[in-house]
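Chemist: Sharing a model prediction with you, sequence too.
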Amino acid sequence: PDAWDVAAVRRDFPILERRVHGHPLAYLDNAATTQKPQAVLDALDHYYRHDNANVHRGVHALAERATVAFEAARESARRFLNAGSTREIVFVRGTTEAINLVASSFGGGFAEGDEVILTAMEHHANIVPWQLLRERTGIVLRVLPITPDGELDLDALPGLFSPRTRLLSVVHVSNALGTINPVRELVAAARAHDVPVLLDGAQAVPHLRVDVQALDCDFYAFSGHKLFGPTGIGVLYGRERLLEAMPPYQGGGEMIRTVSFEQTTYAGLPHRFEAGTPDIAGAIGLGRAIEYLEALDRDAAEAYEQRLLAYATECLTQVPGLRIIGQARDKVALISFVMDGVHPHDMGTILDRRGLAVRAGHHCAMPVMTWYGLPATSRASMAFYNTPEEIDRLAAALQYAREMLA
Ligand SMILES: Cc1ncc(COP(=O)(O)O)c(CN[C@@H](CS)C(=O)O)c1O
């Protein structure tokens, strides 16, 4: 019997009752953003209805309540990542800003000829910030290749380290392939060269438990909207020792202690990296999303998703002319695929007409598409509220597309 009651979980997500083009919505684009449980919707409404005030500065009751709620969300994020201290939890807009912050503030100290190791599996959010840094500082980017199955080519990793290597920055789970990378192994390899590691956790946190102390990584980035929370809020975990030595990312209120035209002193961690009025409601909504996840049986959710992935892989493999892109041994419930004779954008439209929401394109991972010699793929990305029936509808629609267009 299923330890996972998907019908009960679906009742927590009002939007899943929607119909699209006259069909029940089958939302299979969770890697782009996830849907939000009622508890998160209630938290956002409650905050603005009862507690709204600016944080950290006010001396009145509402300001106190807003500050307590905001900092409680930070504690939830700390607990979620098992960080050592809330001083290591910086609220940002999302994964993209988190990586830009590290590139700008931590990377700002890199010298010409210093090296950053990336991989061919990265999302643009973990490529372009390092290219912007390269333009400013003359650093060198080294790229770890991937294999035809969509795994990192670990044999090539030792050769990429040099005495100039300053950082290894790598995706924990690929948004284009679904691959779960062996991040503990990657961190151990970097540690042997005394090289810090940033992990892009955007696609990992909705599926896997993350323990940054066990992983021993130095930075970990994720976005609230991929974790059943609001958009515009995310978290950068940074090892306290490293954050302490980093200059501020942006200047303004909240991040200062004293300001004069002669000299300004900065706030301590983590507020030094949080200039201006933060996304208070977003942080509270993220904290509630984390509490929602913590209340679920996450082992059962992971097992359910893995069964859904196995079922979907079996169903799609039987569709004539369909090729799955990314066959790593360890994957989250995400399948990229192409079909001979049907462009992914046409495929997306056909599926949409049947209420099926998938993504078509390069998924902000153009180097991955280039590696496979593809302009684009279709991508179905599942969460623990998707069902086998939705997979059946997807497979039937793919068969239909094949008969109609190929
Ligand atoms: C691995 C990875 N790294 C960074 C990001 C950026 O997250 P932001 O919240 O947009 O900052 C994403 C977001 N990927 C979405 C939008 S392109 C997708 O459809 O796959 C990601 O998957």
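Modeler: Arrived safely, thanks for sending.
Chemist: all helices for the chain, in order.
Modeler: 6-10, 38-46, 61-81, 95-101, 128-137, 183-192, 212-215, 240-245, 280-295, 298-317, 344-353, 366-371, 388-405 (DSSP state H).
Chemist: how about stretch 100-118: buried residues?
Modeler: 100-107, 110, 114-118 (16 or more other CB atoms under 10 Å). C-beta: built from backbone N, CA, C; applies to glycine.
Chemist: Take those residues and write them to TSV, including distance to A53 and pLDDT.
Modeler: Putting these into TSV (distance: CB to CB, whole Å; pLDDT from 0 to 100) gives the following:
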residue	distance to A53	pLDDT
N100	29	98
L101	26	99
V102	31	99
A103	33	98
S104	30	98
S105	29	98
F106	33	98
G107	36	98
F110	40	98
D114	44	98
E115	46	99
V116	41	99
I117	44	99
L118	42	98
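Chemist: Redo the helices of the chain as CSV? Include distance to L227.
Modeler: Formatted as CSV, the helices of the chain follow (distance: least, CB to CB, whole Å):
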stretch, distance to L227
helix 6-10, 15
helix 38-46, 10
helix 61-81, 8
helix 95-101, 11
helix 128-137, 21
helix 183-192, 18
helix 212-215, 15
helix 240-245, 22
helix 280-295, 6
helix 298-317, 12
helix 344-353, 24
helix 366-371, 23
helix 388-405, 21
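Chemist: which one of those is the most hemmed in?
Modeler: Comparing the helices of the chain by mean neighbour count (mean count of other CB atoms under 10 Å), helix 95-101 ranks first with a mean of 25.
Chemist: How about that one and the ligand, any contact?
Modeler: Yes. Counting by CB under 6 Å from any ligand atom, the ligand is contacted by helix 95-101 at 95-96.
Chemist: next one: stretch 165-185
Modeler: Yes. Stretch 165-185 reaches the ligand (CB under 6 Å from any ligand atom) through 171, 175.
Chemist: Averaged pLDDT, that stretch. What do you get?
Modeler: For stretch 165-185, the mean pLDDT works out to 98.
Chemist: Need the distance between the two termini of that stretch.
Modeler: Using CA to CA, to the nearest Å, the end-to-end distance of stretch 165-185 comes to 17 Å.
Chemist: What residues of it count as buried?
Modeler: For stretch 165-185, by 16+ other CB under 10 Å, it's 165-181, 183.
Chemist: re the thing from before, so which two of the buried residues of stretch 100-118 are the farthest from each other?
Modeler: L101 and E115 (20.3 Å; CB to CB).
Chemist: Name the residues linked to F219 by a beta bridge.
Modeler: For F219, the beta-bridge partners are L198, G238 (DSSP bridges).
Chemist: For it, give me its contacts.
Modeler: 98, 102, 106, 196-199, 236-239, 242 (CB atoms under 8 Å, 6 or more residues apart in numbering).
Chemist: ok, now with 6 Å
Modeler: Residues in contact with F219, defined by CB atoms under 6 Å, 6 or more residues apart in numbering, are 102, 198, 238.
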